[in-house]
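[1] Build me a model from this:
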Amino acid sequence: SAVFNPNPLFNASNFIPGDEKTAGITIGNGSDVSQNAYIEAVNTSNVGDLASQMKLEIYDGQTQIYNNNFGTFLNAGPVPLSSIGAGGSKIYDLKITFLKNAGDSYQGKTLKFDICVGFSGGNQHCTNEVVVSPENNSGSGSSGGGGSSGGSHLLIFNERNETPVPETTS
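    Numbers count the residues shown, from 1 in each chain. As a prediction, this is how the structure comes out:
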């Protein structure tokens, strides 16, 4: 299961360079075995390359598990989060920062995407990319390709394309 807080995750009417937005995703593991969770951006639209002027950080509690340019995240494929115990859940905090030096040339640009969360190891996955385990993560937080893993997934659709920040609704 996945619960987004707030829902939509990111929504701002005037997101300017230097601003930050935070949101959380609670992922529940309803199975009887521990599962490795992942997150992925799908169905992306990055008009004017707005995502290149943003940074995404993902935290598991106080531990930062991803820190990269938002444009990199949009193209990364599945990004490993962490293991969630049988019947358990975890809250992942996401923070998007609009880089201070972005300048005025990004006014009126838009960015939209859908979020897919899942568990590695199954027959289904968000895209044709596959998830590598967190221990195979190169440190950048992004991963994809290789192997035969995948996962059950939840796709969130119907985003609005009104503001220059990513947002998702269910």
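
[2] What segments of this structure are strands?
    Residue ranges of the strands in the chain, as given by DSSP state E, are 2-5, 20-28, 35-46, 54-60, 63-69, 79-84, 89-98, 111-119, 153-155.

[3] Determine which stretch of those strands is the most buried.
    Most buried of the strands of the chain, by mean neighbour count (mean count of other Cβ atoms under 10 Å): strand 111-119, with a mean of 23. Glycine gets a C-beta too; all of them are placed from N, C-alpha and C.

[4] Now do it against strand 79-84, angle only.
    40 degrees (axes from the mean of the first three to the mean of the last three Cα atoms, to 10 degrees).

[5] out of the strands of the chain, nearest to residue 11?
    Set against residue 11 and scored by Cβ to Cβ, the strands of the chain come closest in strand 20-28, at 8.1 Å.

[6] Put the alpha carbons of the closest one into CSV.
    This file holds the C-alpha atoms of strand 20-28, laid out as CSV (Å, rounded to 0.1, in the frame of the first residue of the first chain):
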residue,chain,number,x,y,z
GLU,A,20,11.7,23.9,-0.8
LYS,A,21,8.7,21.6,-0.6
THR,A,22,8.5,18.4,1.5
ALA,A,23,6.1,15.5,1.3
GLY,A,24,5.9,11.9,2.7
ILE,A,25,5.0,8.5,1.3
THR,A,26,4.1,5.7,3.7
ILE,A,27,4.7,2.3,2.0
GLY,A,28,3.2,-0.7,3.6
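
[7] relative to strand 89-98, how tilted is it?
    Using the same axes, to 10 degrees: strand 20-28 against strand 89-98 is 160 degrees.

[8] Compare the strands of the chain and say which comes out lowest on pLDDT.
    Between the strands of the chain, the lowest average pLDDT goes to strand 153-155, which shows a mean of 35.

[9] Turn the strands of the chain into CSV, including distance to residue 11.
    CSV is the format used below for the strands of the chain (distance: least, Cβ to Cβ, whole Å):
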stretch, distance to residue 11
strand 2-5, 11
strand 20-28, 8
strand 35-46, 16
strand 54-60, 15
strand 63-69, 21
strand 79-84, 22
strand 89-98, 11
strand 111-119, 12
strand 153-155, 19
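
[10] so which of those comes closest to residue 14?
    Set against residue 14 and scored by Cβ to Cβ, these come closest in strand 89-98, at 10.8 Å.

[11] which other helices and strands contact that closest one?
    In terms of contacts (3 or more Cβ pairs under 8 Å, 6 or more residues apart in numbering; DSSP states H and E), strand 89-98 is packed against strand 20-28, strand 35-46, strand 54-60, strand 79-84.
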